[in-house]
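Engineer: structure, please.
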Amino acid sequence: MHRLLVVAQALLVLTAFLPVYRPLYYWNRPALRLQLPWRDFSDPDWSDRIPAEEPVLFFQHAEVLPSVLAAGLPALLALLNLPWMLHRREDVGKRWASYSSFSLGLVSTNLWVQLLLRYGDSRGWGAWVSGILALILLIAGTWAIAQLRTTVNQSAI
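Structural biologist: Numbers count the residues shown, from 1 in each chain. As a prediction, this is how the structure comes out:
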């Protein structure tokens, strides 16, 4: 179960590089455009936004979408949590992985729902991938917490 939680959080880190928002109107193209294989710049109205570009745009004093920046928050939290999860393997590490995955799944699901509410028609496919991973992380974290409870109850007997 620990490996599943680590893989789910590592995949959540990768969602920072997926397009979560595509405005319906023409957007001024930012100077920074990450050349990722799944981005299509041949379209003259290219306008997808990914969370990894938003902090750089903020420091370049360009227009930043707070919701796209918020979509990258679970990826940042998962990135900060991964070294601790990989370093700790004993009982404390299992508890940490279970509870942190559950809480990160809750935060990610909440932000995903907010993205759907704000940008329903113009969400990018990355928002769906992020949402599905958030639900998987929430379910896996809940399952891991339930497994912890049964192990504690059996060891007490």
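Engineer: and the helices in this structure, which stretches?
Structural biologist: Applying DSSP state H to the chain gives helices spanning 2-14, 54-59, 66-71, 73-87, 91-118, 125-156.
Engineer: pLDDT below threshold where in the chain?
Structural biologist: For the chain, applying pLDDT under 70 flags the ranges 22-32, 40-47, 119-124, 149-157.
Engineer: what sits against the closest residue to Trp84 other than its chain neighbours?
Structural biologist: Residue nearest to Trp84 in three dimensions, not counting chain neighbours: Trp96, with 6.7 Å by CB to CB, 6 or more residues apart in numbering. Any C-beta I mention is one placed from the backbone N, CA and C, and that applies to glycine too. Contacts here follow CB atoms under 8 Å, 6 or more residues apart in numbering; on that basis Trp96 touches 84-85, 88.
Engineer: nearest to Asp48, out of the helices of the chain?
Structural biologist: Closest approach to Asp48 among the helices of the chain (CB to CB): helix 125-156, 8.2 Å.
Engineer: spatially nearest residue to Ala134 (excluding sequence neighbours)?
Structural biologist: If the residues on either side of it in the chain are set aside, Ala134 comes closest to Ser108, at 3.3 Å by CB to CB, 6+ apart.
Engineer: in this structure that neighbour contacts Ala71, no?
Structural biologist: No - assessed by CB atoms under 8 Å, Ser108 is found out of contact with Ala71, at 9.2 Å.
Engineer: anything in contact with each of the two?
Structural biologist: Common neighbours of Ser108 and Ala71, counting by CB under 8 Å, 6+ apart, are Ser130.
Engineer: over to Arg88: give its phi and psi.
Structural biologist: As for Arg88, its main-chain torsions (degrees, to the nearest 10) stand at phi -90, psi 130.
Engineer: separation between the closest residue to it other than its chain neighbours and Phe58?
Structural biologist: Spatial nearest neighbour of Arg88, chain neighbours left out: Trp96 (6.1 Å); criterion: CB to CB, 6+ apart. Trp96 is 31 Å from Phe58, where distance means CB to CB, to the nearest Å.
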